[in-house]
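[1] next input, structure requested:
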Amino acid sequence: MQQQRKTIALLIFLVIVWGINWPLSKIALHYAPPLLFAGIRTVIAGVILIAAALPKLKELQFRRLWPVYLVSAFLSIVFYYGFQTIGLQYVPSGLFSAIVFLQPVLLGIFAWLWLGESMYGLKLAGLVLGFLGVASLSIGGFTGSISVPGIVLALASALSWAFATVYTKRNAARVDMLWMTAMQIMIGGLVLLAAGSATESWTDITWNAAFIVNTLFISVFVIALGWMVYFSLIKEGEAGKVGSFTFLIPLISIGSSVVLLHERITLNLVVGLLLIVGSIVLVNFKKDVRRPTH
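    This next block holds a predicted model:
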């Protein structure tokens, strides 16, 4: 019972911080260029995670595992946060998060293709619903009310996260997950910071209270603690439950975006979000009730 309460508490924490991340990031982007902002927040999180992983220094094995860390850093951090931070400038944060959290649906396809996971009726129906949801969300882009580049960047962000999850699962037995998380975030953060320094100007950052507080909150709670909690739940055998709870994140994102940013809720957004919620529930439902036969 105590373990169950701990799991529920961690899931609630994860859903809340990953949900409010989107409007907070959009607010911070008013004061900083996208790549520099992505790099700053990710490097801070990387420093925190490396400090947490230092007691397990022997598990790092950087000389042998650096290629795994590097590929993971580009998929999980450089591409995911890069596409995300740039894309948030073009579309409402609630809409962007709804598309990004199509990731579990994309992961269902990739796990079937590359990890040998089964494909069955409910999962297939969920995949179809998911793509219909993205189509509904994207209608505004083709009528000119929502930026098409923003929709494309949101899909690219979801794809990179799905690829990163498959890659991590395929290499999970070779690495320590805390060091994997710390290395991918630090390496990815340094790449984003270098790209931002080369293409953007540090003088364009407004170091006011809103930017500093939002950046520190995202660095500590969303990236560092968020990913530590995520992998802690997976390590405890809660991966399916984490997946099924992610559909709540866009709901919290949209709700907090309405409150903090006064974003409008349109019919396309509601229909698309409901389809994506239904999609993710169907894709995860079977996963929760099936048990391995080996």
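[2] show me what stretch 221-237 is in contact with.
    3, 7, 10-11, 13-14, 17-18, 21, 24, 41-42, 44-45, 48-49, 52, 177-178, 181, 185, 239, 241-242 (C-beta atoms under 8 Å, 6 or more residues apart in numbering). C-beta: built from backbone N, CA, C; applies to glycine.
[3] could you redo the last one with a cut-off of 6 Å?
    By C-beta atoms under 6 Å, 6 or more residues apart in numbering, the surrounding residues in contact with stretch 221-237 are Leu10, Leu14, Val17, Trp18, Asn21, Ala45, Ile48, Leu49, Met177, Thr181, Val242.
[4] could you dump the residues you listed into a markdown table and include secondary structure?
    A markdown table is the format used below for these (DSSP: H, G, I helix; E, B strand; the rest coil):
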| residue | secondary structure |
| --- | --- |
| Leu10 | helix |
| Leu14 | helix |
| Val17 | helix |
| Trp18 | helix |
| Asn21 | helix |
| Ala45 | helix |
| Ile48 | helix |
| Leu49 | helix |
| Met177 | helix |
| Thr181 | helix |
| Val242 | helix |
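[5] so which of these wins on neighbours?
    Counting neighbours by other C-beta atoms under 10 Å, the top entry in the contacts of stretch 221-237 is Ala45, with 28 neighbours.
[6] and that residue, how far from Trp227?
    8 Å (C-beta to C-beta, to the nearest Å).
[7] now swap in Val220 and tell me
    From Val220 over to Trp227 (counting by C-beta to C-beta), the distance is 11 Å.
[8] neighbour count winner among those two?
    Using other C-beta under 10 Å as the criterion, Val220 and Trp227 rank with Trp227 on top: 22 against 16.
[9] find the helix or strand that that one is a member of.
    Per DSSP states H and E, Trp227 falls inside helix 226-235.
[10] how about Ser279?
    Short version: Ser279 belongs to helix 267-289, going by DSSP H and E.
[11] need the contact list for Tyr90.
    By C-beta under 6 Å, 6+ apart, the contact list for Tyr90 reads Ser147, Pro149, Gly150.
[12] name the SS class of the residue nearest to the spatial centre of the chain, please.
    Central residue of the chain (C-alpha atoms, centre = their mean): Trp161, 6.5 Å from the mean position. Judged by three-state DSSP, the three-state class of Trp161 is helix.
[13] that one touches Val78, doesn't it?
    No. Under the criterion of C-beta atoms under 6 Å, Trp161 makes no contact with Val78, lying 12.0 Å away.
[14] count the residues that sit near the residue nearest to Asn214 when sequence neighbours are not counted.
    Nearest residue to Asn214 in three dimensions, chain neighbours excluded: Ala28, at 4.3 Å (C-beta to C-beta, 6 or more residues apart in numbering). Each residue near Ala28 was counted by other C-beta under 10 Å, and the total is 26.
[15] surely Ala28 touches Val213?
    No. The criterion here is C-beta under 6 Å, and Ala28 misses it with Val213 at 9.1 Å.
[16] closest to Glu263 out of the contacts of stretch 221-237?
    Relative to Glu263, the closest of those is Asn21; by C-beta to C-beta it sits at 14.9 Å.
[17] got a pLDDT number for that closest one?
    Asn21 is assigned 93 on the pLDDT scale.
[18] show me the contacts for it.
    Per C-beta under 6 Å, 6+ apart, neighbours of Asn21: Val222.
[19] how does it look with 8 Å?
    Asn21 touches Ile218, Val222, Gly226, Ser253, counting by C-beta under 8 Å, 6+ apart.
[20] separation between it and Phe231?
    Distance, Asn21 to Phe231, using C-beta to C-beta: 17 Å.
[21] in stretch 48-60, what counts as buried?
    Ile48, Leu49, Ile50, Ala52, Ala53, Leu60 (16 or more other C-beta atoms under 10 Å).
[22] what is the mean pLDDT for that stretch?
    Stretch 48-60 comes out with an average pLDDT of 95.
[23] what's in contact with that stretch?
    Here stretch 48-60 has contacts from 176, 178-179, 181-183, 185-186, 219-220, 224, 227-228, using C-beta under 8 Å, 6+ apart.
[24] name the nearest residue to Ser201, sequence neighbours excluded.
    Once flanking residues are discounted, Ser201 sits nearest to Pro33: 7.2 Å by C-beta to C-beta, 6+ apart.
[25] show me the contacts for the residue nearest to the centre of the chain.
    Leu75, Ser76, Tyr80, Val100, Gln103.
[26] many thanks, have a good one.
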